[in-house]
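Enquirer: Build the 3D model from these lines:
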Amino acid sequence: MQDERSRYEQSMAIHRDRATQRDLEHVEQAIRKLEQQHGVDYLTGSEAANVLAAIEVFPCEEGSTADAWLDSERNNAFSTVCSVDEPDNAPRLACQVPTPRSYREAMRSADAKSWKEAIDKELAVMAKMGALREVDLDPDVKPLPMVWSFRVKPKADGTISSFKARLCVAGNAMQRGRDFSDTYAPTVTSTSWRVATGIAHSIGATKLQLDVRSAFLQSDVDHEIYVRAPQGYDTQGRKIMLVLDQCVYGIPQGSLMWFRELQSTLVSIQLNQCTEDPCVWTSGSIEGGDWVCLLVHTDDITIYSHPRCNRGKFIAGELSRIYKSDQASELSWLLGVRVLSESATTSLVQDAYAVGVLHRFNHVRSKPAPTPLSPKAVLKTSGAHESDAALPADDVLTYQEMVGSLQWIATTSRPDLAYTATSLARHLSAPRQSHLAAARRALRYLRGTINYGIVFGNTAGAPTLEAYVDASFASEDKRQSTAGYAILFGGVPIAWGSKRIKTVCLSSCEAELLALSFVVQQLVWIRRLLADLGMPQEDATKVWCDNTAAISSIKEPLKSSSRLRHVQTRTFFVKEQVDNGKICVEHVSGVDNPSDLLTKSLPVAAMLKHRARLVHPINITNE
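Expert: As a prediction, this is how the structure comes out:
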């Protein structure tokens with residue numbers, strides 16, 4: 001990077017006498033503006049030379065500027081230097097298709113034909129399922145409006161799979177008690193999915209996925225709901241309204257009604273609901289060779305089955321028959337996560353989603369950054385200097401969307417981004433220029449690590465559970481501390497977190513004790529989940545901590561310093577788990593503690609060392 005900056009300065013010096021000072025300053029300002037737009041720190045030396053040499057090729061008259069040249073030639077030079085190699089005949093990506101916000105916008109778009117086919121298909125499915133029933137318009141009834149929701153469904157490689165149109169009820173106009181009562185419906189947690197995937201990989205289980213088509217339409221609605229005829233619905237000139245006989249997307253109780261319907265079906269085919277996660281269902285045992293695990297995320301169902309039994313395929317076939325869905329296929333894509341199953345490894349990577357995020361925020365051609373945040377960077381609530389002004393309203397929305405996208409990646413498959421995403425999320429309500437710059441740097445880091453993800457590899461014997469924990473003492477701008485932990489199953493991260501401790505800690509020992517209590521809470525639940533899934537942990541789970549004072553306080557809390565008495569409740573909680581034989585707290589050197597990556601922004605060498613323990617580059621081939 002220093003070499004690039006040096007060449008840039010040399011190029012500026014060489015051409016300084018070829019242009020007037022006025023034109024030179026204008027070009028420099030334009031370059032800075034383009035750098036900000038494209039998310040790069042500076043231009044390469046060759047680009048700067050081309051920019052300034054153009055003043056000689058296109059001499060400026062007195063009082064003129066280089067705007068005409070910069071608007072065309074400068075962007076061409078940028079594309080040549082920073083472009084991602086993409087063939088001219090590359091298939092269109094789903095993220096490149098504009099998403100219509102209304103029926104009218106869809107019909108006026110370049111993809112109107114595809115959207116119309118999707119709309120007709122949705123109406124045909126609803127008619128076949130008997131979801132809508134026509135009745136005469138009643139002046140005493142105020143029907144609810146219906147709206148269309150559009151989405152382009154991507155394949156695992158990010159290209160277009162299909163155009164989707166959903167007919168939804170404007171649920172915001174519904175009233176509790178009149179139109180609905182209960183609404184909560186659970187979905188499987190990311191941790192449960194990763195734990196089950198780890199078990200499935202360790203025993204070589206088959207992995208199937210099933211997408212229930214028009215899932216909500218498979219369940220009955222529990223209230224009488226009247227709606228208007230939507231756009232695109234042929235009323236044949238009659239004054240009618242519609243009654244919902246089945247659940248439709250948009251109604252608050254729709255997810256709950258579908259979950260209850262699916263729940264009764266799974267019970268009927270003799271699956272047992274886990275007590276630790278209601279969306280995880282099991283049958284059989286690993287020792288008996290008939291183990292089956294089913295995970296539910298609304299209408300996406302994942303089935304893991306022991307290699308010595310065919311019950312997983314039977315369950316998938318029964319669900320396809322009952323809900324008239326396509327046959328189950330090998331698991332390869334779930335909720336934006338690509339699943340690569342090979343003989344020795346199972347990998348979880350969000351490369352296609354990451355590419356979509358980069359396209360969305362114009363960072364596909366940005367220069368990769370070596371770390372998610374600048375080393376030792378601390379994002380402050382107030383501006384560090386006068387130029388660090390609050391963002392305008394449009395940029396605030398952009399910042400919030402950036403952080404939301406980063407959070408989904410960080411919580412699903414990228415623990416190396418957890419601290420960055422958490423730090424950026426603390427400033428969603430009032431971000432400043434420095435926060436937006438930090439978010440753009442995180443995108444540039446993502447640009448260089450698109451193919452990184454979680455890799456389940458070979459382990460000797462049954463995989464074991466362990467955890468690393470750390471705390472960064474008084475590292476925040478209000479002297480608050482940050483706790484971080486990484487829970488590994490067979491050496492692979494299945495749960496992690498980066499959390500700011502709400503209270504101000506008075507010592508590093510206190511911060512570490514609070515961090516220990518956070519990770520032990522998670523471990524107690526995960527140990528019970530593993531027992532539910534048929535792989536109980538007989539031995540105590542080791543928790544590695546780099547603070548000897550905290551470890552001593554856990555072993556003998558009554559002898560701890562008076563300065564720690566106000567946190568003894570959490571200390572005794574951890575000690576109780578240690579005494580029960582569930583947890584064992586051990587010491588690890590700070591330089592060998594990967595959870596350090598979850599508490600602060602590290603220098604490049606330390607970051608790369610800890611990252612190698614958590615995520616790995618994955619060889620991805622798009623067929």
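
Enquirer: what's the nearest residue to residue 168 if we skip its chain neighbours?
Expert: Using Cβ to Cβ, 6 or more residues apart in numbering and skipping the chain neighbours, the partner closest in space to residue 168 is residue 250 (3.3 Å). Yep, even glycine has a C-beta here, placed from its N, CA and C like the rest.

Enquirer: Now do the contacts for the one you found.
Expert: 146, 147, 168, 169, 170, 171 (Cβ atoms under 8 Å, 6 or more residues apart in numbering).

Enquirer: are any of the residues you listed buried, and which?
Expert: Buried by 16 or more other Cβ atoms under 10 Å: 146, 147, 168, 169, 171, out of the contacts of residue 250.

Enquirer: In strands, which of the residues you listed fall?
Expert: If you go by DSSP state E, the buried ones among the contacts of residue 250 have 146, 147, 168, 169 in strands.

Enquirer: Just send those residues back as TSV, with pLDDT and distance to residue 118 too.
Expert: Shown next, in TSV, are these (pLDDT from 0 to 100; distance: Cβ to Cβ, whole Å):
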residue	pLDDT	distance to residue 118
146	91	16
147	92	15
168	91	14
169	91	18
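
Enquirer: farthest pair in those residues?
Expert: By the measure Cβ to Cβ, 147 and 169 form the most distant pair in these, at 8.0 Å.

Enquirer: what distance separates the helix or strand where residue 606 lies from the middle of the whole chain?
Expert: Per DSSP states H and E, residue 606 falls inside helix 604-614. For helix 604-614, the separation from the chain centroid amounts to 21 Å (computed by Cα atoms, centre = their mean, to the nearest Å).

Enquirer: can you check stretch 298-310 too?
Expert: Per Cα atoms, centre = their mean, the centroid offset for stretch 298-310 relative to its chain is 24 Å.

Enquirer: That one spans what distance, first to last residue?
Expert: 24 Å (Cα to Cα, to the nearest Å).

Enquirer: Would you mark the buried spots in it?
Expert: For stretch 298-310, by 16+ other Cβ under 10 Å, it's 298, 299, 300, 301, 302, 303, 304, 305, 306, 309.

Enquirer: Out of these, which comes closest to residue 435?
Expert: Among the buried residues of stretch 298-310, residue 298 lies closest to residue 435 (Cβ to Cβ), at 33.0 Å.

Enquirer: Not counting residues beside it along the chain, what's closest to that closest one?
Expert: Leaving out its chain neighbours, the residue that sits closest to residue 298 by Cβ to Cβ, 6+ apart is residue 187, at 5.9 Å.

Enquirer: Return the distance of the one you found relative to residue 605.
Expert: Using Cβ to Cβ, to the nearest Å, we find residue 187 at a distance of 39 Å from residue 605.

Enquirer: which one of those two has more residues nearby?
Expert: residue 187 (17 against 9; other Cβ atoms under 10 Å).

Enquirer: Which residues are in contact with that one?
Expert: Contacts of residue 187 (Cβ under 8 Å, 6+ apart): 279, 296, 297, 298.

Enquirer: Mind pulling the model confidence for the second one?
Expert: Spelled out, it's residue 296. On the pLDDT scale, residue 296 is placed at 95.

Enquirer: Would you give the sheet partners of the host helix or strand of it, along with the direction of each?
Expert: Here residue 296, judged by DSSP H and E, is contained in strand 292-297. Sheet pairing of strand 292-297 (DSSP bridges) gives strand 280-283 (antiparallel), strand 300-305 (antiparallel).

Enquirer: Provide the contact partners of the first one at residue level.
Expert: Taking contacts as Cβ under 8 Å, 6+ apart, the residues outside strand 280-283 that touch it are 188, 192, 196, 266, 270-274, 290-296, 311, 529, 532-534.

Enquirer: now the helices for the stretch 351-500 of the chain?
Expert: In the stretch 351-500 of the chain, helices defined by DSSP state H, counting those that start in this stretch lie at 351-360, 393-412, 418-425, 433-448, listed in chain order.

Enquirer: so which of those gets nearest residue 180?
Expert: With Cβ to Cβ as the measure, helix 393-412 is the member of those nearest residue 180 (27.3 Å).

Enquirer: Let me see the contact set for residue 347.
Expert: Applying Cβ under 8 Å, 6+ apart, we find residue 347 in contact with 338, 339, 340, 453, 454, 455, 456, 618.

Enquirer: what residues are up against residue 180?
Expert: When contacts are counted by Cβ under 8 Å, 6+ apart, residue 180 is found next to 174, 222, 223, 251, 252, 253.

Enquirer: what about it, distance to residue 248?
Expert: Counting by Cβ to Cβ, the gap from residue 180 to residue 248 is 12 Å.

Enquirer: Residue 516 now?
Expert: Distance, residue 516 to residue 248, using Cβ to Cβ: 48 Å.

Enquirer: And the two? Which one has more around it.
Expert: Just comparing residue 516 and residue 248: by other Cβ under 10 Å the higher neighbour count belongs to residue 516, 30 against 24.

Enquirer: ok, the residue lying closest to residue 228 once chain neighbours are set aside - how many residues close by?
Expert: Excluding the flanking residues, the one nearest residue 228 by Cβ to Cβ, 6+ apart is residue 143, at 4.7 Å. Residues lying near residue 143 (other Cβ under 10 Å) number 19.

Enquirer: Would you check that residue 143 makes contact with residue 230?
Expert: No. Here residue 143 does not reach residue 230: they are 10.9 Å apart, not a contact under Cβ atoms under 8 Å.

Enquirer: just for the stretch 501-623 of the chain, where's the confidence low?
Expert: Where the stretch 501-623 of the chain drops to pLDDT under 70, the residues are 557-563, 622-623.

Enquirer: ok so, going back, distance to residue 444 for the contacts of residue 250 - can I get that in TSV?
Expert: Output for those, formatted as TSV (distance: Cβ to Cβ, whole Å):
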residue	distance to residue 444
146	42
147	37
168	37
169	41
170	40
171	39
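
Enquirer: now, which of the residues you listed sits nearest residue 379?
Expert: residue 171 (36.1 Å).

Enquirer: What residues does that closest one make contact with?
Expert: Per Cβ under 8 Å, 6+ apart, neighbours of residue 171: 250, 251, 252.

Enquirer: Could you pick out which of these are located in strands?
Expert: Per DSSP E, those never map to strands.

Enquirer: which one of the contacts of residue 250 sits closest to residue 157?
Expert: residue 168 (28.7 Å).

Enquirer: The closest one and residue 604, how far apart?
Expert: 47 Å.

Enquirer: just residue 475 next, same as before
Expert: For residue 475, the distance to residue 604 - Cβ to Cβ - is 19 Å.

Enquirer: neighbour-wise, which of the two wins?
Expert: Shown here are residue 475 and residue 604; by other Cβ under 10 Å, residue 475 has more neighbours (17 against 10).

Enquirer: Am I right that that one is in contact with residue 596?
Expert: No. Contact criterion Cβ under 8 Å: residue 475 and residue 596 do not qualify, at 11.6 Å.

Enquirer: circling back: can you name every helix or strand that the helix holding residue 606 contacts?
Expert: Contacting helix 604-614 under the criterion 3 or more Cβ pairs under 8 Å, 6 or more residues apart in numbering; DSSP states H and E is no other helix or strand.

Enquirer: Quick one: distance of the helix or strand just after it to the chain centre.
Expert: As assigned by DSSP H and E, the chain's next helix or strand after helix 604-614 is strand 616-617. Taking Cα atoms, centre = their mean, one finds strand 616-617 lying 17 Å from the centre of the chain it belongs to.

Enquirer: Sheet partners, orientation included, of strand 616-617?
Expert: According to DSSP bridges, strand 616-617 has these partners: strand 452-456 (antiparallel).

Enquirer: what about dumping the CA coordinates of the partner strand to PDB?
Expert: What follows is strand 452-456, C-alpha atoms only, in PDB (Å, rounded to 0.1, in the frame of the first residue of the first chain):
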ATOM      1  CA  TYR A 452     -14.600 -17.700   3.700                       C
ATOM      2  CA  GLY A 453     -17.000 -19.800   5.900                       C
ATOM      3  CA  ILE A 454     -17.300 -22.500   8.500                       C
ATOM      4  CA  VAL A 455     -15.800 -25.900   7.700                       C
ATOM      5  CA  PHE A 456     -16.700 -29.100   9.500                       C
END
